[in-house]
Every structure is written in structure tokens, then in C-alpha cells.
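In: Could you work out the structure for the sequence below:
(one chain, ligands or ions: 2)
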Amino acid sequence: MTQAKIGVIGGSGLYKMDALKDVEEIEIETPFGKPSDTLIVGNLDGTQVAFLPRHNRNHTLLPSELPFRANIYAMKKLGVEYIISASAVGSLKEEVKPVDMVVPDQFIDRTKNRASTFFGEGIIAHIAFGDPICNNLAQILADAIDSLNLTDVTLHRGGTYVCMEGPAFSTKAESNLYRSWDATVIGMTNLTEAKLAREAEIAYTTLALVTDYDCWHPDHDSVTVEMVVGNLQKNAVNAQKVIQETVKRISKNPPESEAHSALKNALFTPLDKAPAKTKKKLEFILKKYF
Ligand SMILES: CSC[C@H]1O[C@H](OP(=O)(O)O)[C@H](O)[C@@H]1O
Ligand SMILES: Nc1ncnc2[nH]cnc12
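Out: Numbers count the residues shown, from 1 in each chain. Ligands and ions are numbered 1, 2, ... in the order given. You can find the predicted model right below:
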């Protein structure tokens, strides 16, 4: 099967990667169903990269409808060790402006309606998630952004991403509550992905593309889809440059990541006592522990 060491998940506004060459569309089945779309595997400056638009290329999936587990499992099946996730976010801080980029290092979970673990059915694991982003990978991403000197884009290193359920945007009371928690940005997808990537021992980092000031800012209109899409179009070209540069840097110097051994001390169930059916289901995630 085709393999790729680096995965890119594209969010709202990033449905394809023009720089990928010699692309192959791969339909992948997983024990958790079909991913959001076929995976596009192609060559980026000599490195095999797997690209997946998380809402489907036609943006047909709500955040709550995303097959998060199938998406991450499909990446694992392709041999992906690093995921760069590009995502549209609202800003919760004055100094984080639309079109800026944030590389968060923390999440707050406000989701309520989604499966966010591969485990259960007789195999139990509790991964450590205190540092939900791979810091080494995040540093490579942030350094790549810095190196490009993008006009009108300020990079914010670190920060907290609130992951809400959606699809409706927040109320002002909620938005102000998150501001009182000192959170930096808000979106609807990345925490769930980061958790599953950690369970699958894939290093994960977020490239958060700021599109709006959510609804808290007295001098800016409340967020609308039009606002998000307008700012993302401005940023989509930049985002692809950033991804390209980050991929180059990862390939040259693949970073170590604690994520790559996340299950070492997290698995509770002795695998020789685990149900064969669940072992088979989680084969791609657990095989090194069999
Ligand atoms: C279209 S605005 C709300 C939508 O945008 C973000 O998407 P993604 O994280 O996939 O870039 C946000 O999470 C919502 O899904
Ligand atoms: N304000 C916002 N809230 C939630 N998700 C978003 N994605 C982009 N802007 C957002």
C-alpha cells in the first residue's frame, strides 16, 4: 500500500493542496467507517504527503458529523507519523487579528456530541494529554512560518484553542467566559483530532488561521461564515506555503515526539487477555505492542 510519513488535514477553506505532485486518490476503509473523503497522497518536494479535507472537498460534513476516528485511523494505515492540521479559528484576544496565525499548545474541551477515543470494547487505555500538541513539531511549524516573513501576518506561538461543539457559533456570554479563561482562539475540530492522533501515536500540531473576532469584540461584527471564508481565502495561499516549508523541515530533520510512544504506559488491558475482535479492530494502532 502507498505510504506517507506526513499527513495534512485541511479545514474550512483548505480543500486541496496545489503543490502536491504525482497524486494518487486512495479510498481507505477503516473499522470506524470511511474517512471524510478519499485521501490524496502525493509528492511535495520529494516527500510523500497524505492530504485529507476534514469536511470533505465539498464541505458537506458538520463538525459533529466528522468521522474523526476514521480520519486518524486512515492516516495511521498509510504510515503517517506527523500530522499538520490547518484550521479556521475565531480570535478571543484583541492582539490576535484576523489573518494572523496561531500555533496553539493547549486545548479546552467544550464538545459534547462526539466519539473521541479508539478504546473500549475490552481494550482500555488512558493516554497522557497534559501537553496535547507535539511541542517539537509545533516549533518546526512556527519556525517555518517565521522564516517566510509573510506580509500582514503575525505569528502567535502558543495559546489555548477552545474546541466547541457547534455548528452554531458561541453566544457573547460564552465568548466572554472563554476570554476570562485566557483562551486564545476558538474552533470546532482540533481537540478531538489531537486526542485521537495521540492515541494513534501520531505527533500532531495545529496551524490555526484566524478568520474573525468571534462575537465578543465591541468594534467588530459577530462572526459569520462569509467573514470566515473571506479571510480564509486571503490566507489559503499563505497556509499552503507554510505547510510546504514545514514538510521540508520535518523531512530534513524528523523530530522526536513523545506521541510516538504514547501507548507505552497507557494501556491497561494486558493484550493477551483482550478480545480478539477488538485487537483486530485496533491492529494498526496496537500492532507494535502485540
Ligand atoms: C466555516 S466556520 C466554522 C468551521 O470552521 C472551522 O473549521 P475547521 O476547524 O475545519 O477549519 C470550525 O472548526 C468550524 O468547523
Ligand atoms: N468564531 C468561531 N467559532 C468557532 N469556530 C470558528 N471557526 C472560525 N471562526 C470560528
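
In: Neighbours of residue 258, how many?
Out: 15 (other C-beta atoms under 10 Å). For every residue, glycine as well, the C-beta is placed using N, CA and C.

In: so what pLDDT did it get?
Out: Here, the pLDDT recorded for residue 258 equals 97.

In: That one contacts residue 133, doesn't it?
Out: No: between residue 258 and residue 133 there is no contact under C-beta atoms under 8 Å: 10.9 Å.

In: those strands in the protein, which residues are they?
Out: Assigned by DSSP state E, the strands in the chain fall at 6-10, 21-26, 39-44, 47-53, 82-91, 101-103, 106-110, 155-157, 160-164, 185-187, 203-212.

In: Using JSON lines, lay out those together with distance to residue 237, mean pLDDT and mean neighbour count.
Out: JSON lines is the format used below for those (distance: least, C-beta to C-beta, whole Å; pLDDT from 0 to 100; neighbours: other C-beta atoms under 10 Å):
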{"stretch": "strand 6-10", "distance to residue 237": "13", "mean pLDDT": "98", "mean neighbour count": "27"}
{"stretch": "strand 21-26", "distance to residue 237": "18", "mean pLDDT": "97", "mean neighbour count": "12"}
{"stretch": "strand 39-44", "distance to residue 237": "15", "mean pLDDT": "97", "mean neighbour count": "20"}
{"stretch": "strand 47-53", "distance to residue 237": "16", "mean pLDDT": "98", "mean neighbour count": "24"}
{"stretch": "strand 82-91", "distance to residue 237": "12", "mean pLDDT": "98", "mean neighbour count": "27"}
{"stretch": "strand 101-103", "distance to residue 237": "13", "mean pLDDT": "98", "mean neighbour count": "25"}
{"stretch": "strand 106-110", "distance to residue 237": "27", "mean pLDDT": "98", "mean neighbour count": "17"}
{"stretch": "strand 155-157", "distance to residue 237": "16", "mean pLDDT": "98", "mean neighbour count": "18"}
{"stretch": "strand 160-164", "distance to residue 237": "23", "mean pLDDT": "99", "mean neighbour count": "24"}
{"stretch": "strand 185-187", "distance to residue 237": "21", "mean pLDDT": "98", "mean neighbour count": "27"}
{"stretch": "strand 203-212", "distance to residue 237": "11", "mean pLDDT": "97", "mean neighbour count": "28"}
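
In: Relative to ligand 2, which of those strands is closest?
Out: strand 82-91 (2.3 Å; C-beta to the nearest ligand atom).

In: Burial check on the closest residue in space to residue 93 that isn't next to it in sequence, number of neighbours?
Out: Computed as C-beta to C-beta, 6 or more residues apart in numbering, the closest residue to residue 93 that is not its neighbour in sequence is residue 184, at 5.7 Å. Using other C-beta under 10 Å, residue 184 is surrounded by 24 other residues.

In: residues touching residue 78, list them.
Out: 1-4, 7, 26, 28, 39, 41, 50 (C-beta atoms under 8 Å, 6 or more residues apart in numbering).

In: measure the closest residue to residue 143 other than its chain neighbours to residue 32 for me?
Out: Nearest non-adjacent residue to residue 143, counting by C-beta to C-beta, 6+ apart: residue 249, 7.1 Å away. Relative to residue 32, residue 249 is positioned 31 Å away (C-beta to C-beta, to the nearest Å).
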